[in-house]
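> make a model of this:
(one chain, ligands or ions: 1)
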Amino acid sequence: MATSMTKKDLKLFKELLLKKKAELAKGIEHIANDALKTSQREAAGDLSAYSLHMADMATDNYDREFSLGLADKEQTVLHRIDTALEKIDNNAFGLCEVCEKKITKVRLKAVPYAELCVPCQEKQEKKKK
Ligand SMILES: [Zn+2]
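Numbering: from 1, shown residues only. Predicted structure coming up:
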């Protein structure tokens with residue numbers, strides 16, 4: 001089953017996906033840089049920087065753990081975006097991975113890397129519970 005989307009639609013979604021991908025890549029880079037800076041600061045034993053950040057100490061650890069968790073989640077989304085981009089090239093974009101029916105454009109506009117149609121997504125979420 002091939003997607004029934006027009007070339008114009010596919011181009012639009014490709015642009016959406018690439019934009020999203022660039023945003024995510026930027027975010028991950030930022031998080032990685034932050035983590036690097038923190039570890040460099042700790043390794044150098046930079047006391048002035050340390051005391052400057054004393055006030056933030058309590059939230060610092062939390063932020064870092066949170067950021068790393070976020071980077072993890074963003075990596076997953078990034079992977080899904082790549083999969084979606086491959087699907088555009090393979091003319092299979094916008095089809096549900098379970099029932100192979102078309103995913104609505106409204107849904108794809110909100111989540112261009114969606115892998116399931118709404119009914120299948122709902123079924124899967126119910127299964128998890
Ligand atoms: Zn489905």
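
> which of the residues in stretch 19-38 are buried?
Across stretch 19-38, burial judged by 16 or more other Cβ atoms under 10 Å covers 20, 21, 24, 28, 31, 38. All C-beta atoms are positioned from the backbone trio N, CA, C, and that covers glycine.

> wait, which of these is closest to the ion?
Using Cβ to the ion, residue 20 comes nearest to the ion of the buried residues of stretch 19-38, at 22.0 Å.

> surely that closest one meets residue 112?
Yes: counting by Cβ atoms under 8 Å, residue 112 is a contact partner of residue 20 at 6.6 Å.

> what sits in contact with each of these two?
residue 81 (Cβ atoms under 8 Å, 6 or more residues apart in numbering).

> show me which residues of this structure are close to the ion?
By Cβ under 5 Å from the ion, the part of the chain that sits against the ion consists of 96, 98, 99, 117, 120.

> follow-up on the earlier one: rebuild the buried residues of stretch 19-38 as CSV, extending it with pLDDT and secondary structure.
CSV is the format used below for the buried residues of stretch 19-38 (pLDDT from 0 to 100; DSSP: H, G, I helix; E, B strand; the rest coil):
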residue, pLDDT, secondary structure
20, 94, helix
21, 94, helix
24, 89, helix
28, 78, helix
31, 77, helix
38, 80, helix
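
> biggest separation within the residues of the chain next to the ion, which pair?
Greatest spacing in the residues of the chain next to the ion, by Cβ to Cβ: 98 and 117 (7.7 Å).

> for the protein, what spans make up the helices?
Shown for the chain, the helices assigned by DSSP state H span residues 7-44, 47-52, 57-89, 105-110, 118-128.

> which of these has the lowest average pLDDT?
Ranked by mean pLDDT, the helices of the chain end with helix 47-52 at the bottom, a mean of 52.

> mind listing what the residue nearest to the spatial centre of the chain touches?
For the chain, the residue nearest the mean C-alpha position is residue 77 (2.9 Å; Cα atoms, centre = their mean). Residues in contact with residue 77, defined by Cβ under 8 Å, 6+ apart, are 20, 24, 113.

> can you count the residues close to the residue nearest to residue 120 when sequence neighbours are not counted?
Closest residue in space to residue 120, ignoring its immediate chain neighbours: residue 98 at 4.4 Å, by Cβ to Cβ, 6 or more residues apart in numbering. Using other Cβ atoms under 10 Å, residue 98 has 14 other residues around it.
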